[in-house]
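Q: here is the input, now give the coordinates:
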Amino acid sequence: MEWQEPFKKAVAYFKRSKYGECLRLLNYALENGGRDQYAIYDSRAAVHEKTLRLREALLDVKEAIRLAPDRWQCYSRAARLFLLIRKFEEASKMVDIALQKINPSDDKNRATLVTLQSQVIESRKRLSCHVGMLPVELLSSIFQYLVEEEPVLVIKISRVCRHWRTVALGDTALWSTLVLSKKDPNRKSKCWIQRSRGRIRELCLRRTLSDKVDWSLEKLGGIQWDYIRTCQLEDIDILKQLEKAGALHVISQLETLVIRDKLMDSREEFVSYLSDNLRHLTIDGALHVWLSDLQSLVVNSPFSAFSEYPEATITLAHLTVLDYCSGSTQLFKFLRLPSLQVISIQSCVQTKNVIQCLLDSGTSQLKSITFDSCAHLPTSELIRILSSNPFVASLTLKKFGGGTITPILDMLGSSEQLCPALTHLDLSSCSEVSSHLLIRIVISRIPAVVESLLSQNKETSGRPRVEKIHSLIVDGCTGIDSDTIPWFRERVPHFSYVTRQWNGGR
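A: You can find the predicted model right below:
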């Protein structure tokens, strides 16, 4: 009988928790004369139970019961499986049958079955908990929302109770984000890769990994690289590991890439494999890459973020979000951004190139505009931008002075209603902001005043209705009269005015 020897070896592997080898041998035993042996099906069900393949385990235990209907062990295993999937009626029925089949003198195993019966009753009582009543699929979706915000929360979730642990360990998607730092990366990578079955979609390698002398990229050997879609790298080069694994094509499949380098000089070879599949790019440091299908771009570099500029103008037709913090704005001379909706410019010496880029691009879909800590802002050109983007709901102009933004505030408070959709206004640390200017803006957007203006002006078709200011931030604005603060708090739902007291010189 060819099945007996591999079956014995499979049992030995099972006792050593070598479930992969055990399953392989059990399958071999079945294919070589063991299909009428209930013990093989029961043993394979045990392997599936240990690896949380509950559907396969139930199918095997069903076959075992068909072959050996008088064996109480098969019914006991079926009861445990039904309990795991919260089929309490079926679990209770299987326990009752097992108690009928077991030898009356077998006190030890009978006590085990009684304990199992108590667990079924206890689990059924748990249905009084609303969370316990949720279908597994819905509970898993809730866990997914939590893990998206903080991937490590999956560990806490899996330790709440047996039911939550079963759900968490049974959903590979909850373990699809692997973030490695100097805190026990070997153990964590092994755990995440095993529980996700290698299907890591988001890989984040922190800079502090370099401090772990016992860690290397070889520890990622269990990853199925074809599943990677998001990659965040901090001075960690995975190019050689991908090349060794024959997975360089994975770079071209990336949809989101975050580069936060402080030590590495260049990643030109890595980015040469990128393709138009990339939708979201974040750069800290120098990088040379031009991809026309980007939807969001974040640049944070004290100098020019690009070692070379494009030879001709590039139109990023799908780019909707741009967050740019760099000393140089030469890049904007070569860009066209017709679909931009959110723009944030910070710490730039010269913003003229940015404004001219928006004008030349015919950008008309902006909803949020931020200029923060910029040395110069061409006021008249910015007013043209605001005039051609009537759906701007958020406007942030921080740390300006010398009469730069006064004309803009005048227009916001005039009857022409610049930016009619504006609801959020942040003017922090702008020395020229005064209570008088802000009162005009707030009053001009109060519903009763707006209706009066509309009755006088019939040419409003095609423009969004004038919205009330819901958020006004004027922290550090020295021109605010403290007597007007109660007036603002009464009319603006979210009003912030924090003064900064300085001790000594700058």
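Q: residue ranges with poor pLDDT in the protein?
A: 1, 127-130, 132, 263-266, 285-290, 302-309, 415-416, 448-464, 500-506 (pLDDT under 70).
Q: and for it, the residue most distant from the center?
A: residue 105 (57.3 Å; CA atoms, centre = their mean).
Q: so the residue sitting nearest the centre point of the chain, which of the three states?
A: What sits nearest the mean C-alpha location of the chain, by CA atoms, centre = their mean, is residue 148, with 4.4 Å. For residue 148, the assignment made with DSSP: H, G, I helix; E, B strand; the rest coil gives helix.
Q: so the residue farthest from the centre of the chain is in which element?
A: Assigned by DSSP states H and E, residue 105 belongs to no helix or strand.
Q: where along the stretch 251-400 of the chain do the helices fall?
A: 268-271, 352-361, 379-387 (DSSP state H, counting those that start in this stretch).
Q: so for residue 39, which of those helices sits nearest?
A: helix 268-271 (53.3 Å; CB to CB). Using the backbone N, CA and C atoms, a C-beta is placed for each residue, glycine as well.
Q: separation between the residue nearest to the centre of the chain and residue 202?
A: 10 Å (CB to CB, to the nearest Å).
Q: name the helices or strands packed onto the longest helix belonging to the chain?
A: For the chain, the longest helix by residue count, based on DSSP state H, is helix 107-125. For helix 107-125, the packing partners by 3 or more CB pairs under 8 Å, 6 or more residues apart in numbering; DSSP states H and E come out as helix 72-84, helix 88-101.
Q: looking at those helices, which is buried most?
A: Mean neighbour count (mean count of other CB atoms under 10 Å) peaks for helix 72-84 among the helices and strands packed on helix 107-125, with a mean of 22.
Q: helix, strand or coil for residue 210?
A: helix.
Q: can I assume it is in contact with residue 237?
A: No: using CB atoms under 8 Å, residue 210 makes no contact with residue 237, being 10.6 Å away.
Q: quick revisit: using CSV, write out the CA atom coordinates for the longest helix of the chain.
A: This file holds the C-alpha atoms of helix 107-125, laid out as CSV (Å, rounded to 0.1, in the frame of the first residue of the first chain):
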residue,chain,number,x,y,z
ASP,A,107,-13.8,10.0,30.4
LYS,A,108,-10.9,12.1,29.2
ASN,A,109,-12.2,12.7,25.6
ARG,A,110,-15.8,13.0,26.8
ALA,A,111,-14.7,15.8,29.0
THR,A,112,-13.0,17.5,26.0
LEU,A,113,-16.3,17.3,24.1
VAL,A,114,-18.2,18.7,27.0
THR,A,115,-15.8,21.7,27.1
LEU,A,116,-16.3,22.1,23.3
GLN,A,117,-20.0,22.2,23.9
SER,A,118,-19.6,24.9,26.5
GLN,A,119,-17.6,26.9,24.1
VAL,A,120,-20.4,26.7,21.5
ILE,A,121,-22.9,27.9,24.1
GLU,A,122,-20.6,30.7,25.2
SER,A,123,-20.0,31.9,21.6
ARG,A,124,-23.7,31.8,20.9
LYS,A,125,-24.2,34.1,23.9
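Q: check the offset of it from the chain's centre.
A: 42 Å (CA atoms, centre = their mean, to the nearest Å).
Q: kindly report the same for stretch 190-197.
A: Stretch 190-197 sits 19 Å away from the centroid of its parent chain (CA atoms, centre = their mean).
Q: residues in contact with that stretch?
A: Here stretch 190-197 makes contact (CB atoms under 8 Å, 6 or more residues apart in numbering) with 169, 172, 173, 175, 176, 178, 200, 219, 220, 222, 223, 224.
Q: rerun at 10 Å
A: Residues outside stretch 190-197 that contact it (CB atoms under 10 Å, 6 or more residues apart in numbering): 51-52, 151, 154-155, 158, 168-180, 184, 198-200, 203, 219-224, 227.
Q: from the residues you listed, which land in helices?
A: Short answer: the contacts of stretch 190-197 in helices (DSSP H) are 154, 155, 168, 169, 170.
Q: how about these, which pair is most distant?
A: Greatest spacing in the ones in helices among the contacts of stretch 190-197, by CB to CB: 155 and 170 (15.3 Å).
Q: returning to what we had before: touching both of residue 148 and residue 202, which residues are there?
A: Between them, residue 148 and residue 202 share the contacting residues residue 177, judged by CB under 10 Å, 6+ apart.
Q: what's the most buried one of the helices of the stretch 251-400 of the chain?
A: helix 352-361 (a mean of 19).
Q: distance from stretch 43-62 to the middle of the chain?
A: For stretch 43-62, the distance from its own C-alpha centre to the chain's C-alpha centre is 33 Å (CA atoms, centre = their mean).
Q: now that stretch - C-alpha only, PDB.
A: Extracted C-alpha coordinates of stretch 43-62, given in PDB (Å, rounded to 0.1, in the frame of the first residue of the first chain):
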ATOM      1  CA  SER A  43      -5.500  14.500   8.900                       C
ATOM      2  CA  ARG A  44      -5.700  16.800   5.900                       C
ATOM      3  CA  ALA A  45      -8.600  18.600   7.600                       C
ATOM      4  CA  ALA A  46      -6.400  19.100  10.600                       C
ATOM      5  CA  VAL A  47      -3.700  20.700   8.500                       C
ATOM      6  CA  HIS A  48      -6.300  23.000   6.900                       C
ATOM      7  CA  GLU A  49      -7.600  23.900  10.300                       C
ATOM      8  CA  LYS A  50      -4.200  24.900  11.500                       C
ATOM      9  CA  THR A  51      -3.600  27.100   8.400                       C
ATOM     10  CA  LEU A  52      -7.100  28.600   8.600                       C
ATOM     11  CA  ARG A  53      -8.300  27.200   5.300                       C
ATOM     12  CA  LEU A  54     -11.600  26.400   6.900                       C
ATOM     13  CA  ARG A  55     -13.600  25.700   3.700                       C
ATOM     14  CA  GLU A  56     -11.100  23.100   2.600                       C
ATOM     15  CA  ALA A  57     -11.100  21.600   6.100                       C
ATOM     16  CA  LEU A  58     -14.900  21.200   6.200                       C
ATOM     17  CA  LEU A  59     -14.800  19.500   2.800                       C
ATOM     18  CA  ASP A  60     -12.200  17.000   4.000                       C
ATOM     19  CA  VAL A  61     -14.000  16.300   7.300                       C
ATOM     20  CA  LYS A  62     -17.200  15.700   5.400                       C
END
